[in-house]
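Engineer: predicted model, plus sequence, below.
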Amino acid sequence: MYDTKANKLIGLFYLAPALLFVAAFTAYPFLQMLWLSLNSWSLITPPKYVGFDNFTKAFADRQFWISLGFTLKYTLLITPILMIGGYLLALLTAANTPIRRFTRAAIFVPVVIGLGASSLLWYWLLSTDYGFVNRILLDIGLIAKPIIWLGVDADTSNWAVIISVVWKVLGFGMILFVAAIQAIPSEVNEATMVDGASYWQRVTKVTLPLTLRTVLLVTLVSVIGSLLAFDQFYIMTAGQPQNLTATSVFYVYLNSFPYLKLGYGAALSLILAAIILVFTIVQMVLTRRSHS
Amino acid sequence: MSIGYAEMEAVYGANQSFVARVWESRTKYLVGAVCLVIATIMLLPLLASLTASIKSTGEAAAVPPTYIPQSFSLDSYLKLWSYQSGLPTYLFNSFTTAFLTIAFSLGLTVPAAYALARFPIPGKELLFVFLLLALIIPYQALLTPIFLMFASLKLTNSLVGLAIIHTAIQLPFSLYIMRNSFEAVPKELEEAAVIDGCSTFQVLWKICLPSVVPAMITVALFAFITSWNEFLGALVMMNRDATFTLPLILAATRTATSQGGTDWGLLQAGVTVSIIPCVGVYLLLQKYYVSGLLNGAVK
């Protein structure tokens, strides 16, 4: 009934605001970023065309590699914790008993609060003298003197941030895994129980293969999120010590805004966007394939 | 699943040895205990923040920190109330930005989703992919050109400008959820309305809209939470204290001092204030949140 000539135009009319919005606030900025990346510009002097200089400069920039390396390290460390932890929690809480529902809700609450708020909360919990983490570790005798979690040693800082982010986002994977596990037809479980399979055999032979698609997709969402990490490091470590914990987005931010190297910042953004794009394409291919 | 267990019990219960049964009830209690321990660990940081915010300023700065508050005081909240431009200003900024984000998101995606689900638009698939562009380019990478554009449009230090960024971040998700919802509306109702002489606008307004209300709630909920919590865009666009949203002023309270050190009570009062609306709307609209995650994040 919508198939009339007039409706082609009316349809476009309904679509137009969204199209214009995306053109203005996503597509145009993207094109401008391509242009910026080929220029040197600090707002004070007019932009100067420099070709691919910004990119060659990036590859020779020590801090660029430090930031990228640190971001990858953070991603590689946190992703397995989130996936395995989230999956174990999902297995634990997938059945719909009151106590499990409550546990699920408790694990999920931090997901909805802001990364800024959770980072400030943990900035305090992990503070050397005033925080509860050291107080508890001292009280149960695990450590003899307070640990300086943030801003002095890059690896310790990284782990401190990982602890806080795991607390905050663990529930995201869990809730999606729970949904996937609950979607497994109960006949499948019953059949394996009759076969006398142990619990862990059932998990590895039945549950895991049947929820693999969700696991892969959550992994990718989580990897992309980690590669774009900013708030948690800006707030908890401010990049310290010596910018060793400045992530890629952090370094883009530093160049673009405080340093006002707009062209260089744009080139760094593009490199980062290209890396993310690879993961996004993998995700899309995976989604398509698992749909068919 | 519970039915499955019950049937198993019926079939195998009689043959089960006494030891196995004891073991089974043991695991049941063990699992319950593990659940409670985990739930406690997850909730303790929030409780700690809340208790720190109602300790006296002196106690909040105690070394080592006290587990159970020895004092009760609303000083931290009073200080937060008048911190810099004052909490009311920051709450106003955050709420306004969030509501504008909701309005923009719905205003753009409801008609667009209707068009995508129903109209014979040429090149529709391609246009849909174009609308999802933000999925491919992370907004973090676009902040410099957006900042330049906003500077010339006088949209920096503007809540409208910030809401535009938050809308753009959420647009692929919002559109995707809305389109799926429109596609699930049965066409028969609309056909009857058209025969009665309704225009497409009347069809959208009177027939489709009531059916897509749950999707609109989901879109609004995610728009609110994204906007309320978003940090980097606000950090880049807002440089005047009076235009700060809550996350920005929270990060600033890190450097607020009392008696020579960080004012931890003030900081945690801020954390508590910024957490409450999010947790509140989540608890209220839990089912929309989870269904949104399931439909938007994984499919």
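Structural biologist: Thanks, I have it.

Engineer: how far away is residue B:62 from chain A?
Structural biologist: Residue B:62 sits 8 Å away from chain A, going by C-beta to the nearest C-beta, to the nearest Å. Backbone N, C-alpha and C define where each C-beta goes, glycine included.

Engineer: who are the neighbours in contact with that residue?
Structural biologist: Residue B:62 is in contact with residue A:130, counting by C-beta atoms under 8 Å, 6 or more residues apart in numbering or on different chains.

Engineer: am I right that residue B:70 is in a strand?
Structural biologist: No - assigned with DSSP: H, G, I helix; E, B strand; the rest coil, residue B:70 falls outside any strand and is coil.

Engineer: per-residue pLDDT of it, please?
Structural biologist: If you check residue B:70, the pLDDT there is 85.

Engineer: how many neighbours does it have?
Structural biologist: Number of residues near residue B:70 (other C-beta atoms under 10 Å in any protein chain shown) recorded here: 11.

Engineer: contacts only, for it.
Structural biologist: Neighbour list for residue B:70: B:55, B:59 [criterion: C-beta under 8 Å, 6+ apart].

Engineer: distance of the residue lying closest to residue A:41 once chain neighbours are set aside relative to chain B?
Structural biologist: Spatial nearest neighbour of residue A:41, chain neighbours left out: residue A:47 (3.8 Å); criterion: C-beta to C-beta, 6 or more residues apart in numbering or on different chains. Separation of residue A:47 from chain B (C-beta to the nearest C-beta): 11 Å.

Engineer: got it, and residue A:11?
Structural biologist: Distance of residue A:11 to chain B, given as C-beta to the nearest C-beta: 3 Å.

Engineer: list phi and psi for the residue nearest to that residue when sequence neighbours are not counted.
Structural biologist: Spatial nearest neighbour of residue A:11, excluding adjacent residues (C-beta to C-beta, 6+ apart): residue B:119 at 2.6 Å. Backbone geometry at residue B:119, expressed as degrees, to the nearest 10, gives phi -90, psi 150.

Engineer: how about the contacts made by residue B:119?
Structural biologist: A:2, A:7-8, A:10-12, A:14-15.

Engineer: which of those lies closest to chain B?
Structural biologist: Relative to chain B, the closest of those is residue A:11; by C-beta to the nearest C-beta it sits at 2.6 Å.

Engineer: what number of residues lie near the closest one?
Structural biologist: 24.

Engineer: ok, and it, which helix or strand is that part of?
Structural biologist: Assessed by DSSP states H and E, residue A:11 sits inside helix A:5-22.

Engineer: can you name every helix or strand that that helix contacts?
Structural biologist: helix B:87-118, helix B:124-131, helix B:159-183, helix B:200-202 (3 or more C-beta pairs under 8 Å, 6 or more residues apart in numbering or on different chains; DSSP states H and E).

Engineer: quick one, what contacts the residue nearest to residue A:275 when sequence neighbours are not counted?
Structural biologist: Leaving aside its sequence neighbours, residue A:275 sits nearest to residue A:227 (C-beta to C-beta, 6+ apart; 6.7 Å). By C-beta under 8 Å, 6+ apart, the residues touching residue A:227 are A:71-72, A:75, A:248, A:272, A:275-276, A:279.

Engineer: low-confidence ranges in the stretch 151-292 of chain A?
Structural biologist: Residue ranges of the stretch 151-292 of chain A with pLDDT under 70: A:290-292.

Engineer: which one of the residues in it is closest to chain B?
Structural biologist: Taking C-beta to the nearest C-beta as the measure, the stretch 151-292 of chain A has residue A:269 as its residue closest to chain B, at 3.8 Å.

Engineer: residues near that residue, how many?
Structural biologist: 28.

Engineer: quick one on the thing from earlier: could you turn the buried ones of the contacts of residue A:227 into a ChimeraX selection?
Structural biologist: Those of these that count as buried under 16 or more other C-beta atoms under 10 Å in any protein chain shown are selected in ChimeraX with:
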select /A:71,75,248,272,275,276
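
Engineer: out of the contacts of residue A:227, which is nearest to residue A:142?
Structural biologist: For those, the minimum distance to residue A:142 (C-beta to C-beta) is 27.7 Å, reached by residue A:75.

Engineer: re earlier: with distance to residue B:71 added, can I get the contacts of residue A:227 in CSV?
Structural biologist: Below are the contacts of residue A:227 laid out as CSV (distance: C-beta to C-beta, whole Å):
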residue, distance to residue B:71
A:71, 43
A:72, 46
A:75, 43
A:248, 44
A:272, 48
A:275, 51
A:276, 48
A:279, 50
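
Engineer: and the helix or strand harbouring residue B:194, which residues are buried?
Structural biologist: Assigned by DSSP H and E, residue B:194 belongs to helix B:187-195. Neighbour counts over helix B:187-195 (16+ other C-beta under 10 Å) mark B:190, B:193-194 as buried.

Engineer: hmm, that helix in reach of chain A?
Structural biologist: Yes - using C-beta under 8 Å from any C-beta of the partner chain, helix B:187-195 reaches chain A at B:187, B:190-191, B:194.

Engineer: tell me which residue is most central in chain B.
Structural biologist: Nearest to the centroid of the C-alpha atoms of chain B, with distances taken as C-alpha atoms, centre = their mean, sits residue B:225, at 2.4 Å.

Engineer: confidence score at that residue?
Structural biologist: 94.

Engineer: show me what contacts it?
Structural biologist: Contacts of residue B:225 (C-beta under 8 Å, 6+ apart): A:112, B:278, B:281-282.

Engineer: with residue A:229 instead?
Structural biologist: Contacts for residue A:229 (C-beta under 8 Å, 6+ apart) come out as A:71, A:74-75, A:165, A:247, A:249.

Engineer: what about it, which SS state?
Structural biologist: coil.

Engineer: how far away is it from residue A:76?
Structural biologist: Applying C-beta to C-beta, to the nearest Å, the value for residue A:229 to residue A:76 is 12 Å.
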